[in-house]
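Q: Here's my sequence, what's the structure:
(3 chains)
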Amino acid sequence: MFGLGQDDRRLLWQRMRAPVLASAALLGLLGVNVLLGATRPFAGVWLVEIAVATAMVLVVLLVSMEVRHEPPLVRLFAGIGFFWVAILFAMTLVDYLTRAA
Amino acid sequence: MSAPGTSEVGVRLAGHFATVEQQRRAAVLGMWAWLLTELLLFAGLFLTVLVLRLLHPEAVQEAARHLKFWIGATNTVVLIASSLTMSGAIQLSRLGWQRGMVRCMLATAALGTLFLALKGYEYHADYEEHLMPFLGDRPYALDRLPASRLFINLYYAATGLHALHLFTGIAILLVLTRQASRPGFLAAHQNRIEIYGLYWHFIDLIWIMAFPVLYVLNR
Amino acid sequence: MSGSATTGDAHALRDPGIPHATLDREADYLHAEHTLRSWFFTTDHKRIAILYLASITAFFVIGAVTAGLVRLALVVPDGQVFTNDTYNKLFTIHGVVMVWFFLIPSIPATFGNFLIPLMIGARDLAFPKLNLASWYVFMTGAFFTLVSVVLGGVDTGWTFYTPLSTAFSNTWVVPALIGVTVVGFSSILTGLNFVVTIHTMRAPGMTWFRLPIFVWTHYATSLIFLLATPVITLALVLLILERAFHIGVFDPAYGGDPVLFQHLFWFYSHPAVYIMVLPGMGVISEIVPAFARKKLFGYKFVAYAAIGLASVTFFVWGHHMFVNGQSDLASLAFSVLSFAVAVPSAVKVYNWTATIHKGSLRLDTPMLYAMGYIGLFVLGGLTGLYLATLAINQHVHATYFVVAHFHYIMVGGTVLAFLGGLHFWWPKFTGRMYVESWGRISAFLIFIGFNVTFFPQFILGYLGMPRRYHVYPPEFQFLNILSSAGSTILAVGYIFPMVYLVYSIWFGKRAPANPWDARGLEWTVASPPPAHNFLTEPKAPEIPYDYPIQASETQRHHS
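A: Sure, this is the predicted structure:
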């Protein structure tokens, strides 16, 4: 491939291992969600689907975007947005889930 | 070494920074701060979808079943592949393998374009099936469920906004590729590839959330 | 550049033991270049701050004139001054312009832009080009808003509530929405720049707890810019789509929910109150120690209170929606959480008053504004607690009580802090001193005019006068005339500084580097500062607010 020597090939694989594994994991998890979405095996399946989607998000953040190698400050910034999304959802749902029918 | 097109790797110091390290940290943090805003932007859309689902469960379910599930799934695969090529570009830029890096960037842009093409085909199929309730003079297939039009319209808003981000992303990527193919680019601006890569991965991440929210969870 | 011409002959005669002069007057940022291009394409944070200052002053004038017209209309109870449509447009333009084009950028985009790099010992913000872009984005948003005004105006109120804004209003809503959406991006870019700058650009030795409180409050404000603004961007985009395509998500006719718009709107717009208030608190925290000659009391508490306010404010937005169809439990939760805001707010007020206590007070213009700020902020804050109480809110919701409350915070708070800061740092910005006696007179006029304008509105609201109507029962006329009379005093108080400050640019006494003998790195450089801020490596102070009087927490135990 690309006329690379033995050493270069090893170096390339060493660098690309994490991204390749991440993509494989993402495709696997996507497969699970597609299967669940297509078959709808049981009523509470949405809980599993959310868990799978969350796992995919974590793979992208931690591996593809390399958050696991970043200093604490960047990790904080990567996480804080999701915390604020949780505030938005939680406080809005306090309204919608408790409205009189 | 023997690798083709190996070049020096580094970042040139801009005047107002004290050190290159400081400059790199500022760039990474700046991109993450921007991504925060992107996340909150799409979160508002996802919240709107959730509220619609709570208010009109049957209509939303019926509408979600009319979305092109398999095109959405295929597009997710396309974006995951584009993330891999983007990661490839980043890794090669660190090694200084400029030619391979440029090829990876072009592959990323191609996959992004494929996503948009599939998205366009999907919109076309939706149009044929009379699933465009926002077109006032065109009959709407799910007219018996008035609330379903809200979900379908929101689907266009969400996927349209994502497509806009992807389109902008491809445009920037092509400009960056042009710059990055010049000799000496990696010696002066290697971190631009990394910063841009964060943005690309994040568009991918948004779609990874949008696909279940729109196509899967509400079926 | 032209300064170097004089050094030619003199150089040979110089005693080598005498160091070179550190600054020639020509080298300051105002005189570094003179072309229009050097202003409109500058990446110098100080020049961009001046661009913003000029722009927001123009918007303040528009907002103030419309406010004056609103007060004029309210002099008579029968609504004969303007048509209903015109009146609705006037208060809408006043609200939109004042909130989005004056209050939100007021202190951060001007003082923050100018001072943060100086205060932390940096040469510029982290992304100077982005900083310039933010001003152009701001002006683009401003253009769309002005277009909507020129074409015939908007009548929805600054809140753009649905379905009025989507289904019923037949005014120029879309250009106004585009303007406000676009201007949000300029806030985001400013906030992003500040966050990154404060994290990565501090001078060696400038640790977080050596930073001025001004920097802390701007950090907190910037977090709100980043985390809240995108949500209103989305809400406004959905409104635009609603008007263009009738997507229906907020339209009850299709089963949409107008209350959802309010959730998205207030998720931003309540924290936006702290975008307007926190920078002002930063200004006050700089002025009070400088004019009490005393170390800021409880520095860490004041710093943490800024972050506390910026966080708690995201949990309280529903208190704007108690009577709008939100569930009872949600109202209860939002009410209880709203009371929590009082804690960090009170921490700040107590610490300022404790700083003043036994200080060696100098009642110069900035300090007069700061004292006014503290008093008015307390009144505005306490009436906020009334409004957060469910039962009282039922009574005074959408009355002039609310109008008075938020004007005590927005004008009594932010505008007074803005004017206080403007006088405090004016010598630094321009290199000129203003005439102190004029400054004091206008500070008094503004304080008196403000209270005469807005205190009667508390009573009007409590008696039941609703906001946004210009026809009202005749028994309210006396208080309304009082309020309108007050607004004329306020107007004179605003016009004075515009005249004597501008006058000082050409005719004022030259300002020394540190006219107030204040602490902080911005006072260690010349007035106006050199183009690249620091001629020598800035040295972070060991202790922030190292003023002569050190009556600190520990000494108080002994007394």
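Q: Give the buried residues for stretch B:139-146.
A: With burial defined by 16 or more other Cβ atoms under 10 Å in any protein chain shown, the residues of stretch B:139-146 counted as buried are B:Tyr140, B:Ala141, B:Leu142, B:Leu145, B:Pro146. In short, each C-beta sits where N, CA and C put it, glycine included.
Q: I'd say the second one and B:Glu129 touch.
A: Yes - look at B:Ala141 against B:Glu129 with Cβ atoms under 8 Å: they come within range, at 5.9 Å.
Q: Quick check: residues of the stretch 301-450 of chain C near chain A?
A: Selection of the stretch 301-450 of chain C residues close to chain A by Cβ under 8 Å from any Cβ of the partner chain yields C:Phe314, C:Phe315, C:Trp317, C:Gly318, C:Gln326, C:Ser327, C:Asp328, C:Leu329, C:Ala330, C:Ala333, C:Phe334.
Q: Just the buried ones from these?
A: Of these, these count as buried by 16+ other Cβ under 10 Å: C:Phe314, C:Phe315, C:Trp317, C:Gly318, C:Gln326, C:Ser327, C:Ala330, C:Ala333, C:Phe334.
Q: Which pair of those residues spans the longest distance?
A: C:Phe314 and C:Ser327 (19.2 Å; Cβ to Cβ).
Q: which residues do B:Ala141 and B:Glu129 both contact?
A: Taking Cβ atoms under 8 Å, 6 or more residues apart in numbering or on different chains as the contact rule, B:Ala141 and B:Glu129 both touch B:His66.
Q: Return the residues of chain A in contact with chain C.
A: Applying Cβ under 8 Å from any Cβ, we find that chain A lies next to chain C at A:73, A:80-81, A:84, A:87-88, A:91-92, A:94-96, A:98-100.
Q: residue boundaries of the helices in chain B?
A: Here chain B has its helices, by DSSP state H, at B:20-55, B:57-65, B:69-95, B:98-128, B:148-180, B:185-211.
Q: The stretch 1-150 of chain C now?
A: For the stretch 1-150 of chain C, applying DSSP state H, counting those that start in this stretch gives helices covering C:7-13, C:36-40, C:45-73, C:84-96, C:104-107, C:113-120, C:128-151.
Q: which one of these lies closest to C:Ile549?
A: For C:Ile549, the closest of those is helix C:113-120, at 22.0 Å, according to Cβ to Cβ.
Q: tell me the mean pLDDT over that closest one?
A: Mean pLDDT, helix C:113-120: 97.
Q: Give the buried residues for it.
A: Buried, per 16+ other Cβ under 10 Å, within helix C:113-120: C:Asn113, C:Phe114, C:Leu115, C:Ile116, C:Pro117, C:Leu118, C:Met119, C:Ile120.
Q: Enumerate the residues of chain C near chain A.
A: Residues of chain C lying near chain A by Cβ under 8 Å from any Cβ: C:199, C:227, C:231, C:259-260, C:263, C:267, C:314-315, C:317-318, C:326-330, C:333-334.
Q: Restrict those to those that also contact chain B, please.
A: C:His199, C:Leu227, C:Val231, C:Leu260, C:Phe267.
Q: Would you mind giving both backbone torsions of the fourth one?
A: When you say that, I think you mean C:Leu260. Phi and psi for C:Leu260, reported as degrees, to the nearest 10, are phi -60, psi -40.
Q: okay but it is in contact with B:Leu54, surely?
A: No - using Cβ under 8 Å as the test, C:Leu260 is too far from B:Leu54 to be in contact (10.4 Å).
Q: These two: who's more crowded?
A: Neighbours per residue, other Cβ atoms under 10 Å in any protein chain shown: of C:Leu260 and B:Leu54, the larger number sits with C:Leu260, 23 against 14.
Q: For the more buried one, which residues are in contact?
A: A:Thr92, B:Thr48, B:Val51, C:Val249, C:Phe250.
Q: Please repeat the previous calculation with a cut-off of 10 Å.
A: Neighbour list for C:Leu260: A:92, A:95-96, B:44, B:47-48, B:51-52, B:55, C:162, C:235, C:238, C:249-250 [criterion: Cβ atoms under 10 Å, 6 or more residues apart in numbering or on different chains].
Q: quick one: low-confidence ranges for the chain?
A: By default, I'm working from chain A. For chain A, residues meeting the criterion pLDDT under 70 lie at A:1-3, A:101.
Q: my bad, chain C
A: Scanning chain C for pLDDT under 70 picks out the ranges C:1-26, C:551-559.
Q: Repeat that for chain B.
A: Applying pLDDT under 70 to chain B flags residues B:1-5.
Q: what angle separates the lengthiest helix in chain A from helix B:69-95?
A: Among the segments of chain A that qualify as a helix by DSSP H, the longest is helix A:6-39. Here helix A:6-39 runs at an angle of 160 degrees relative to helix B:69-95 (axes from the mean of the first three to the mean of the last three Cα atoms, to 10 degrees).
Q: before we move on, back to that, ok, which of the helices of the stretch 1-150 of chain C comes nearest chain B?
A: Minimum separation from chain B across the helices of the stretch 1-150 of chain C (Cβ to the nearest Cβ) falls at helix C:128-151, 6.5 Å.
Q: that older thread, quick check: of the contacts of C:Leu260, which lies closest to C:Glu286?
A: Among those, and counting by Cβ to Cβ, the member closest to C:Glu286 is C:Ala235, at 34.8 Å.
Q: Return the residues in contact with residue 33.
A: In the absence of a named chain, chain A is used. A:Asn33 makes contact with A:45, A:48-53, A:55-56, B:73, B:76, B:208, B:211-212, B:215-217, according to Cβ under 10 Å, 6+ apart.
Q: not quite, I wanted chain B
A: A:77, A:80-81, C:188, C:191-196, C:199, C:222-223, C:225-227.
Q: That one: what's its closest spatial neighbour, skipping adjacent residues?
A: Distance criterion Cβ to Cβ, 6 or more residues apart in numbering or on different chains; nearest residue to B:Ala33, sequence neighbours excluded, is C:Leu192 at 4.6 Å.
Q: Whichever strand or helix holds that neighbour to helix B:20-55, inter-axis angle?
A: Assigned by DSSP states H and E, C:Leu192 belongs to helix C:173-200. Orientation check (the same axes, to 10 degrees): helix C:173-200 against helix B:20-55 gives 140 degrees.
Q: Any of the contacts of A:Asn33 buried? List them.
A: Neighbour counting by 16+ other Cβ under 10 Å classes A:45, A:49, A:52-53, A:56, B:73, B:76, B:208, B:211-212, B:215-217 among the contacts of A:Asn33 as buried.
Q: quick one: what helix or strand has C:Phe265 in it?
A: Per DSSP H and E: C:Phe265 is located in helix C:258-292.
Q: buried ones in that helix?
A: Using 16+ other Cβ under 10 Å as the test for burial, helix C:258-292 gives C:258-292.
Q: Contact partners for the residue of chain B found nearest chain A?
A: Per Cβ to the nearest Cβ, B:Ser87 is where chain B lies closest to chain A, at 3.5 Å. Residues in contact with B:Ser87 (Cβ under 10 Å, 6+ apart) are A:15-16, A:18-20, A:22-23, A:63-66, B:104, B:108, B:197, B:200-201.
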